[in-house]
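> fold the following, please.
(chains A and B)
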Amino acid sequence: MKRSTLMATAALLLAAYVAVPLLLGANQYVMSIVVAALIIGGVAMSWALLGNLGGMVSFGHAAFFGVGAYVSALATVKLGLPVFAAMLLGGAGAAIAAIIMLPVLRLRGPYFALAILAYAHIFRILATEWSSVTGGAGGINNIPTLPTVFGFDLASKTGAYLVVLTLVVCCAIAYSRIRASHYGIALRAMHDSEDATRVVGVNSTLLKGMMLLVSAFMAGLFGAFNAHYINFLEPDYAFNSLWVTLPIVAAIFGGYRTILGPVLGAVVVYLVDQLIFKSLIPTGHQLVLGVLLVAMIVFSPNGLLPLLQKWLKNAFKAKEKTHA
Amino acid sequence: MKRTYTRIAMAALVASAWLSQASADEFLVGAEIPLTGNLARVGAGMQEGIMVAAEVFNKTNGKHKVKIVTVDDESAPAKAIAAVEKLASQGVVAITGGYGSNNISPASDTANKLGLVYITSGGVDDSLVASGRKNFFRINNTAGYEKAMLGMLADVGAKSVSIVYSTKDATTGLAKDVEKALAARGVKVTTHSFDPAITDFKPIINKIKLQDKSEVVAMVGYENDYVGIIRAARVLKPKIKAMVGVWSLATPKMAADFPDLMPNVFGTALLPFPTEFKTADGKAFSDAYKQLYKKEPDYLGQFGYVQSMLLFEAIARAADKGTIKKGGVAEEMRKTDRETLIGRVQFAANGDNQNFVHRMAQHQDKKVVIVWPKEHATGKLAYPAVPW
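Residues are numbered from 1 along each chain as shown, chains lettered A, B, ... in the order given. Have a look, this model is predicted:
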C-alpha cells in the first residue's frame, strides 16, 4: 500500500472513531441515522463483494440479512448466548443458508438473480410459518441489546456506532485481503471472461460458491447487529426487499467495484436523504434521491468514490504544477 | 433621560418575562406517523385526528396550548426510532401516533428510554403492553374487537362460523382468540389462514361452501383481503347467513369504492355514515374536522383525536402541578378516567385501555349503520343478509 493511501486510511479511521462520536455523539437522532447508514453500507459492501469478485448480481441479500438476524435473536432469546457470540452465529447461519443456494450458482445473469430472489421469499415464509420457533408473523420482541463492556454501554448510540463501524472495518479488511489474494485475482479475471479462466484450470464454481458464503456471512452479521440494535424482529421486516434495494442503490452510487465505495454510497445517500431532503420535503423526499441516483449513473457510472479519487488526483496535480 | 432608559429597560424585562411565560405554556408534542410507505393511508388518517385534537384543545383549554411536530416514520421500524429521537431532540414533552405494531414496538421502546410518554391506537399486538414499557399507553386492543364480533354473533345466534384470516400478526392473534371464545360457547368453528400476498380466495370459499357449510364467514384481514373474499363469495355463493369482518371494512370509503360488494356486510366501526355525534365532544371533533379537512371524519381520525386529546389533557394537568419534567405526564395518564368518543378510557398498569369495546356496523343502502351494541345502535340489524 502506498504511503499516501495509508495516511489517508489512518486519517479516515481516526475521524470515524474519534471525531464522529465527539462531534455528533450528543445528538441521538443524527447518530441513529449514521448507524442505520452503516448497516446499509455493510450490506451494500457484502452485495458488492459478490458482484465484484463473483460476477453475480444478487436480489436475494435480504435472505442473508434476515437469517442472520433471526439466528442471532433466537440464540440470545432462547439459548441465552451472549450477544456478540450470537451475532457471529447469525453470520454463520446466513452462510449456511447460502449453502442451500449453491445449486443456483450454475445459473447465470437474470436467472441467478431471480433464483436467489425466490430463496429470499422462501426464508420469509419459513420465518412466518415456523411460529413455534420464530414467533411467526408476530415476530420477536425484547431482543437483548448490545452489552456493557468495561462500563461502556454499547447499547447507547455512540456504543452502537462504534460496534457497527468496527464490523464495517473488519469486513472491509477481509474484502481487501480476499481481493488481493490469488483467489481474488482469479475471481476478477473471471468477471471479465469466466470461460477463459476455466480454460486455464480455475474452478470457477468453487470460487463463486466461496464468495457467496463470504458475502452471506457479512450480510448476516449486519442483520444480526440490526436485530440487537432495534430489539425487534418480524418476518416482513427481516426479509424486506428494502435490505436489497437500498444497498444496491448505495453500492452503485458509491462505486461497487471499490471496497469502500458501497459504504461511502450508503452514508452519503442515507444521510443526505434523511437529514437534508427529508427536512426540505417531509413526505416524498425519496423522489429527489431517485433523480440524484439517475444523474449519478448518467454522469459517473463508476460511482462516487472513483469520481472523488479522480477529482483529488487532478487537484494534487494542479497543486504540484503551481509549486513547480 | 436616565430614568426614561431605566423605565424602558424595566418594561422590556417585564415584557420578556410575560412572553417567556406565554411561550412556556405552549407545549411541543411529537407525532410519529407513517405518512409514506405501506401504512401511509392509515397514518394520514390518524394524523388528521391528531391535528383536529390540537385545534380543539387549543380553542377550549384556554390556559395551555399544544403545538404538533410531525415526523414521518416512512412505515419502517428503524426510521420510527429515528423519528422519536428527532422529536426528543426538538424538545417534545410526549409522543402521539404510531401505526403498525412493528413500528410502534421499537419506537415506544426508544420513547421509554428517553422518558417520554407514547400513546397510540395503531397497534393491537398484545406484546406491546406485555413488555413492561412504563410510558406506553394505547386506547384500543384486540380484546375490544373480539368482544364486538363475539357479541354480535351471540345476538344473532350463529351456530357455526368459518374464520378466514390473514397470517399477519394482529389478524392471526384476533382470529385465534375469536376461535377459542366461539368454541368455548359451543359454536362449531373452522379456520382458514391465507398468506397476505394471495388474491384468489375461491379455493377457501369453496371449502367453506362444500365442507364447512357454516352459517357465518368471519373475515380477519385488511381492505384488499375483504374485497377478494367477498368477490369470491359472490361468485360461489355459499349458503351462509352473513359475512362479518373487523377493521377497515365498515367504512364510507369501502361503501363508495365497492358498492356492489358491501351491501349487508358487517364490520367493526365506531362511526355511522353519515356521521352522527350526540355529545359536545363529538360535535367539537366533527366540526373542527370538517373545517380543517372539508370532509366527513372517519374512524382513524376519531382514534387519533381521542388518543391525542387524552394526552394533551394529561400534559395540561401535569403542567398545572409542575411535574412535566418529573414524569408527571405518565402519572396523569395513569389517572385518566374519561368518557370519550370511543367509550370510557381507563389505563391498566400495563398501559392498555381496559374498557375498550368496539361497535359493529353494517353496510345498508350505501350507508354504514351501527347495529351492535343496542345502546349505540343507529339502525336495525339485517340478518340473514348477504352481499348478493
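> only alpha carbons, please: show stretch B:228-242 as CSV.
Listed next in CSV are the C-alpha coordinates belonging to stretch B:228-242 (Å, rounded to 0.1, in the frame of the first residue of the first chain):
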residue,chain,number,x,y,z
GLY,B,228,-61.0,-10.6,-2.5
ILE,B,229,-63.0,-12.8,-0.1
ILE,B,230,-66.4,-11.1,-0.8
ARG,B,231,-65.7,-11.2,-4.5
ALA,B,232,-65.1,-15.0,-4.4
ALA,B,233,-68.2,-15.5,-2.2
ARG,B,234,-70.3,-13.5,-4.7
VAL,B,235,-69.1,-15.9,-7.4
LEU,B,236,-69.5,-19.2,-5.5
LYS,B,237,-72.5,-18.1,-3.3
PRO,B,238,-72.1,-20.4,-0.2
LYS,B,239,-75.2,-20.9,1.8
ILE,B,240,-74.3,-18.5,4.6
LYS,B,241,-76.3,-16.0,6.6
ALA,B,242,-73.8,-13.2,7.0
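> show me what counts as buried in that stretch.
Using 16 or more other Cβ atoms under 10 Å in any protein chain shown as the test for burial, stretch B:228-242 gives B:228, B:229, B:230, B:231, B:232, B:233, B:236, B:238, B:240, B:241, B:242. In this view, the C-beta of every residue, glycine as well, is placed from N, C-alpha and C.
> could you dump those to a markdown table with pLDDT and secondary structure?
Listed next are the buried residues of stretch B:228-242 as a markdown table, based on pLDDT from 0 to 100; DSSP: H, G, I helix; E, B strand; the rest coil:
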| residue | pLDDT | secondary structure |
| --- | --- | --- |
| B:228 | 95 | helix |
| B:229 | 97 | helix |
| B:230 | 97 | helix |
| B:231 | 96 | helix |
| B:232 | 97 | helix |
| B:233 | 97 | helix |
| B:236 | 96 | helix |
| B:238 | 96 | coil |
| B:240 | 97 | coil |
| B:241 | 97 | coil |
| B:242 | 97 | strand |
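> identify the farthest-apart pair in these.
B:228 and B:241 (20.9 Å; Cβ to Cβ).
> residues of chain A that sit close to chain B?
A:27-29, A:32-33, A:36, A:39, A:125, A:128-129, A:136-139, A:141-142, A:226, A:230-232, A:234, A:236-237, A:242, A:274, A:278, A:282-284, A:286 (Cβ under 8 Å from any Cβ of the partner chain).
> now, of those residues, which are buried?
For the residues of chain A next to chain B, buried by 16+ other Cβ under 10 Å: A:28-29, A:32-33, A:36, A:39, A:128, A:136-139, A:141, A:226, A:230-232, A:234, A:236-237, A:242, A:274, A:278, A:283.
> so which of the residues you listed belong to helices?
Within those, residues falling in helices by DSSP state H are A:28-29, A:32-33, A:36, A:39, A:128, A:226, A:230, A:236-237, A:242, A:278.
> and stretch B:235-248, how far out from the chain's middle?
Counting by Cα atoms, centre = their mean, to the nearest Å, stretch B:235-248 is centred 24 Å from the centre of its parent chain.
> give me the neighbour count for residue B:200.
As a burial measure, residue B:200 scores 11 neighbours (other Cβ atoms under 10 Å in any protein chain shown).
> what residues does it make contact with?
B:228, B:232 (Cβ atoms under 8 Å, 6 or more residues apart in numbering or on different chains).
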